[in-house]
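Trainee: below are the sequence and a predicted model for it; my questions follow.
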Amino acid sequence: MNSATVIIVILVIIVACVVAITVIQKREEEKAKVRQKIAQHKYRANQASTILGNFSQLPIGAEARQILMTYCLANMKAIRQLSPFDQNIKKNIDSLQQNLKTPQTAADSQKLTIPNDLTLLTQQVNQLSTLAKFILKINKSNLVPANTAAIAVRKIMGLISESKICAYIQQGKESLSKHEYVPAQRNFIMAQQMMIKLPDKNERLKKLEVELQELIKSSPTEAMNTELSFDQPSAENSEEPKKPDDLFGPRKKW
């Protein structure tokens, strides 16, 4: 074999190696992109699942739960397309499809729990506000009918208003305990004004409205010692809150 032939063979081998390495790198890049897409869909599905678990004890309504589960299901179906042999994904899809047949839970027919701690009550209001924004965000993807999202948001906004009204009342009673009568009366009036603005009041709010009117008319001592309906824990809400189950483990930020 002369030197020219040797050089040609070496060049062919080098070219073949370069091509092979290029093909391997391209395949790895494609696999990495698929893994990235799967991780993103898992994050979104897990986010919806966690939010759903966080509201397992609050009456957010069947519509909100349906939207969260539908969003979660859409992301898991996307994962299924990218990873068709993942049996865990198939089980989660089957479970969600079953739950979507009856999205309402027992909590949806119970009264709203109002924390006695003002910090926890403020946290509840913030969580409900975040939920409403999340549902509006999902609604842009056209996964559910627009009227379903509208009903869900309306119910959640009702819970937010109810929580805020109770927060004003709690602040008023706290001011009374400190003999700060002007701030107390101001908070009671703020609660009353917010109550008046509510277009559709459920039975809880109607009862609270009557109690609030009596509270405003009462003497400071009577008002401070008055126990309102939202102060009384109901049997159905006496359970410990359920710990949300993450579908895919710890969440990541993207």
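Mentor: Looks like it arrived, so ask away. Numbering: from 1, shown residues only.
Trainee: do you know how far Ile8 is from Ala16?
Mentor: From Ile8 across to Ala16, the span is 12 Å (C-beta to C-beta, to the nearest Å). All C-beta atoms are positioned from the backbone trio N, CA, C, and that covers glycine.
Trainee: likewise for Tyr71?
Mentor: Separation of Tyr71 from Ala16 (C-beta to C-beta): 48 Å.
Trainee: so those two - more neighbours on which side?
Mentor: Neighbours were counted for Tyr71 and for Ala16 using other C-beta atoms under 10 Å; Tyr71 has more, 25 against 10.
Trainee: what helix or strand is that one located in?
Mentor: For Tyr71, the element it lies in under DSSP states H and E is helix 62-82.
Trainee: quick check: closest non-adjacent residue to the spatially most central residue of the chain.
Mentor: By C-alpha atoms, centre = their mean, the chain has its centre lying nearest to Ile51, at 3.2 Å. Closest residue to Ile51 apart from its sequence neighbours, by C-beta to C-beta, 6 or more residues apart in numbering: Leu68 at 6.1 Å.
Trainee: and Met195, by the same measure?
Mentor: The shortest distance from Met195 to any non-neighbouring residue, by C-beta to C-beta, 6+ apart, is to Glu209 (5.2 Å).
Trainee: mind listing what's buried along the helix holding Tyr71?
Mentor: 62-76, 78-80 (16 or more other C-beta atoms under 10 Å).
Trainee: now do stretch 154-162
Mentor: The neighbour-count check on stretch 154-162 (16+ other C-beta under 10 Å) flags Lys155, Ile156, Gly158, Leu159, Ile160, Ser161, Glu162 as buried.
Trainee: from memory the third one sits against Asn202, does it?
Mentor: Yes: at 7.3 Å, Gly158 and Asn202 qualify as touching, with contact defined as C-beta atoms under 8 Å.
Trainee: flag the shaky bits of the stretch 1-150 of the chain, pLDDT-wise.
Mentor: Within the stretch 1-150 of the chain, the ranges that satisfy pLDDT under 70 run 1-2.
Trainee: one step back: mind putting the buried residues of stretch 154-162 into CSV with pLDDT, secondary structure and distance to Ile189?
Mentor: Formatted as CSV, the buried residues of stretch 154-162 follow (pLDDT from 0 to 100; DSSP: H, G, I helix; E, B strand; the rest coil; distance: C-beta to C-beta, whole Å):
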residue, pLDDT, secondary structure, distance to Ile189
Lys155, 90, helix, 27
Ile156, 92, helix, 26
Gly158, 89, helix, 21
Leu159, 91, helix, 22
Ile160, 91, helix, 20
Ser161, 89, helix, 16
Glu162, 88, helix, 17
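Trainee: any idea which of these is closest to Leu100?
Mentor: Ranked by distance to Leu100 (C-beta to C-beta), the buried residues of stretch 154-162 are led by Lys155 at 18.1 Å.
Trainee: could you give the number of residues near the closest residue to the closest one other than its chain neighbours?
Mentor: With sequence-adjacent residues excluded and distances taken as C-beta to C-beta, 6+ apart, Lys155 is closest to Gly61, at 4.2 Å. Using other C-beta under 10 Å, Gly61 has 23 other residues around it.
Trainee: what number of residues lie near Ala107?
Mentor: 21.
Trainee: and the gap between it and Ser3?
Mentor: From Ala107 to Ser3 the distance is 84 Å (C-beta to C-beta).
Trainee: for Leu112, what are phi and psi?
Mentor: Note on Leu112: its backbone torsions stand at phi -70, psi 130 [degrees, to the nearest 10].
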